[in-house]
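Asks: make a model of this:
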Amino acid sequence: MSISLCPKEVFKINLFLIFLLLTANILGIVSKFYFDHDSVYGLVGLFDFNTEKNIPTFYSAIALLVASILLSLIAFARKKVNSPFIQWFVLSLIFLFLSIDEISTIHERAIRPTKEALNASGLFYFAWIIPYGIALGVFIIAYSKFLFKLPKNIMILFLISGTTFISGAIGIEMFEGRHAELHGTNNITFALFYSSEEFLEMIGIAIFIYTLLTYIVNEFDSLKITIVKKQIE
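Replies: Numbering: from 1, shown residues only. You can find the predicted model right below:
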C-alpha cells in the first residue's frame, strides 16, 4: 500500500477544514449573542473556539501531532544519510508537547500559580504567557543558527508559519487577557479575540505542515516507510 501526499493539496485541505471550523464557530457566536441561543442542541459548544475538548481542539491537536510526526520523519531521514538530525528531533518533541497541551490544557493550569507568584495582570492576565514566552525566547536563541542554515524558501516559510502561530497564541492572547480583566468574557468582543487567536494558530500550523512537506520533497524527493516482518535466521 502506498500513500502519496502533495504539499499543496494537503495545504488546501487544511485551509478548507479551518475555514469550515471558523464558519461554524462564527455561527455559534451569532446564535449566542444575537439570538440568545448558546446551545442549539450542543452544536455551539461543539464548534466554539474557546471551549476545550471539542472538534476545533481535536483538529488543532491532530495538526500539531502531524507536524511532530513529519519532523520525526525528517530527523530519521537525515540520520540515515549521516546529516545533523538532533535539532529536528527536538522540534518533533516540542510539537508533540504542544499537541498534548492542546488536549490537556497544561498551559491553562499554569495561569493561577504564575499570576499569584508575579501578581500578573493587564496584558499578562492570562499568566501562562510569561513562562511560555520565556521558553519561546530561549527557543528562538537556540534555533537561530538552525533557521539560517535552512534553504531560503524553507527558512521564509518557517518564519511565516511561526510568526502567524505566535501572533495568535501569544500576541492576541495578551490583548484578549486585558479585555477579559476589564470587561469579562461574556461579550462579543472577547469572542472575536479568541476566534482570531485560534484561527491564526490553525493557519500557522497549516503553513508549517506545508513547509515540512515541501522540505521533504525538495531534500529527499519523497519519504517511504517500509514495514517488514522480521526474518527468522
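
Asks: in the chain, where is pLDDT below threshold?
Replies: 1-3, 222-233 (pLDDT under 70).

Asks: one more time with 90, if that's ok
Replies: 1-7, 35-43, 51-53, 80-83, 105-110, 112, 115-116, 118-120, 219-233 (pLDDT under 90).

Asks: show the contacting residues for Ile172.
Replies: Phe193, Ser196, Glu197, Leu200 (CB atoms under 8 Å, 6 or more residues apart in numbering). Quick note: C-beta positions are derived from backbone N, CA and C, even for glycine.

Asks: what do you get if the cut-off is 6 Å, keeping everything else the same?
Replies: Ser196, Glu197 (CB atoms under 6 Å, 6 or more residues apart in numbering).

Asks: remind me what the helix or strand hosting Leu93 packs against, helices and strands.
Replies: With elements taken from DSSP states H and E, the one containing Leu93 is helix 86-104. Packing partners of helix 86-104 (3 or more CB pairs under 6 Å, 6 or more residues apart in numbering; DSSP states H and E): helix 55-80.

Asks: quick one: buried residues of the strand or helix carrying Ile209?
Replies: Under the criterion of DSSP H and E, Ile209 resides in helix 188-220. Within helix 188-220, the residues scored as buried using 16 or more other CB atoms under 10 Å are 190-191, 193-216.

Asks: now stretch 121-137
Replies: Buried, per 16+ other CB under 10 Å, within stretch 121-137: Phe124, Tyr125, Phe126, Ala127, Trp128, Ile129, Ile130, Tyr132.

Asks: next: stretch 147-159.
Replies: In stretch 147-159, counting by 16+ other CB under 10 Å, buried: Ile154, Leu157, Phe158.

Asks: can you tell me which of those residues are in helices?
Replies: Ile154, Leu157, Phe158 (DSSP state H).

Asks: against Leu64, how distant is the second one?
Replies: Going from Leu157 to Leu64 by CB to CB, to the nearest Å gives 17 Å.

Asks: could you dump the following helix or strand past the helix holding Leu93 to CSV, C-alpha only?
Replies: Using DSSP H and E, the helix or strand that follows helix 86-104 in sequence is helix 106-109. Extracted in CSV, the C-alpha atoms of helix 106-109 (Å, rounded to 0.1, in the frame of the first residue of the first chain):
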residue,chain,number,x,y,z
ILE,A,106,-1.4,22.3,30.5
HIS,A,107,-0.7,26.0,29.8
GLU,A,108,-4.0,27.0,31.4
ARG,A,109,-3.1,25.2,34.6
